[in-house]
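Visitor: curious how this folds, go ahead:
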Amino acid sequence: MQETGVTFTEDLKAAVQESDLITTDVWVSMGDEGDSENRIKEFNPYQVSPAAMDLAKTDAIFLHCLPAIRGREVSEDMLEDPRSKVWVQAENRLHAQKALLLKLLDH
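Guide: Numbering: from 1, shown residues only. Okay, the predicted model is just below:
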């Protein structure tokens, strides 16, 4: 991946260091529940928490497309952390979806 400038790492600390944005999604998607125990075990080291955010740039923000499962992909307190912009993201998504519907309905 060197020619693209993308760096691959399995080290959370290295991944978030100097990052402007940290984002995650649910670890077990609908339909994949049969493998949930294994996925949770594998992804647990990558949980986003205030401590993980402390390793990023001081003005870094956190995003999540929701719904989030507290205690899994995000710590219990991450969604309320001042660096979390999850609720703003959700509101903006609503307005973008409404605009798209309006455009698709040709009004």
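
Visitor: now do stretch 32-49: distance from first to last residue.
Guide: 24 Å (C-alpha to C-alpha, to the nearest Å).

Visitor: quick one: mean pLDDT over it.
Guide: Per-residue pLDDT over stretch 32-49 has a mean of 94.

Visitor: and it, which residues are buried?
Guide: Residues of stretch 32-49 classed as buried by neighbour count (16 or more other C-beta atoms under 10 Å): 39, 47-48. Where C-beta positions appear, they are placed from N, C-alpha and C, glycine not excepted.

Visitor: what's the answer for stretch 85-101, then?
Guide: For stretch 85-101, by 16+ other C-beta under 10 Å, it's 86, 89.

Visitor: contacts for it next, please.
Guide: Outside stretch 85-101, the residues that touch it by C-beta atoms under 8 Å, 6 or more residues apart in numbering are 61-66, 68, 79.

Visitor: repeat that with 6 Å
Guide: Stretch 85-101 has contacts (C-beta atoms under 6 Å, 6 or more residues apart in numbering) with 61, 63-64, 66, 79.

Visitor: would you mind checking those residues for buried ones?
Guide: Buried members of the contacts of stretch 85-101, counted by 16+ other C-beta under 10 Å: 61, 63-64, 79.

Visitor: in helices, which of those residues appear?
Guide: Applying DSSP state H to the buried ones among the contacts of stretch 85-101, no entry is found in helices.
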